[in-house]
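Student: I would like to see how this sequence folds:
(one chain, ligands or ions: 1)
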Amino acid sequence: MIKKTLNIEFSEYASLDELSSETIDLIKKAENNIGNAYAPYSNFKVSSLCLMENDKIVLGTNQENGAYPSGLCAERVAAFAAKSQFPDVKILKIVILTDQNSTKPLSPCGSCRQVLLEYENAQNQSIEVVLKSNGSPIWEFKSINDLLPFAFDGSTILKKA
Ligand code: THU
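Tutor: From the prediction side, this is the model:
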């Protein structure tokens, strides 16, 4: 038996002014869009945006539904919109944040990680992830893979025996 360890590296920024001006600008754009969230059931508003390789920015917010599972998280709204509008353009970075107060940055759900990993693998280039809550430090990951290690992905089913 061999014991193995997995190390995941990410950056924590205590406040916005430690970040690059590009990332600050993206965070502000996402924050300015939080009012577009439709979250009457949870009252938990989330805003996301994708920075594309063609410099376009695609925004998304969580969209809830009275039939709860029919709603969708902000980052999937943003990523699906981005890849619908620009199917051949890489996603460079995704910002995911909430205006809820917390000491911890917002952490994306497993389904969103799976969806983002699909695009990261398909484009063969890492997608950076920026996470934030109101009043929290900011976390930056270099890759979706760091947020979903040991993932099941399409390569498993595409491989022929
Ligand atoms: N939500 C997101 O939009 N993104 C996340 O990363 C976590 C959760 C939404 C889904 C639902 O509308 C609300 O937050 C409460 O779970």
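Student: any chance you could map the helices in the chain?
Tutor: 21-32, 74-85, 110-123, 154-158 (DSSP state H).
Student: The ligand: which of the ones you listed is closest?
Tutor: Counting by C-beta to the nearest ligand atom, the ligand lies closest to helix 74-85 out of the helices of the chain; the figure is 3.8 Å. Every residue, glycine included, has its C-beta placed from N, CA and C.
Student: How about residues contacting that closest one?
Tutor: 37, 46-50, 52, 56, 58-63, 72, 89, 91, 94, 96, 108, 111-112, 115-116, 119 (C-beta atoms under 8 Å, 6 or more residues apart in numbering).
Student: could you give me the average pLDDT of that helix?
Tutor: Over the span of helix 74-85, the pLDDT mean works out to 98.
Student: List the buried residues in it.
Tutor: Ala74, Glu75, Arg76, Val77, Ala78, Ala79, Phe80, Ala81, Ala82, Lys83 (16 or more other C-beta atoms under 10 Å).
Student: Same check on stretch 20-30?
Tutor: For stretch 20-30, a neighbour-count test (16+ other C-beta under 10 Å) marks Thr23, Leu26, Ile27, Ala30 as buried.
Student: Now do Ser102 against Met1, distance only.
Tutor: 39 Å (C-beta to C-beta, to the nearest Å).
Student: Lys29 too?
Tutor: The spacing between Lys29 and Met1, counted by C-beta to C-beta, is 49 Å.
Student: Equivalent analysis for Tyr38, please.
Tutor: Distance, Tyr38 to Met1, by C-beta to C-beta: 50 Å.
Student: Tell me which of those two has more neighbours.
Tutor: Set side by side, Tyr38 and Met1 show more neighbours around Tyr38, with 13 against 2, by other C-beta atoms under 10 Å.
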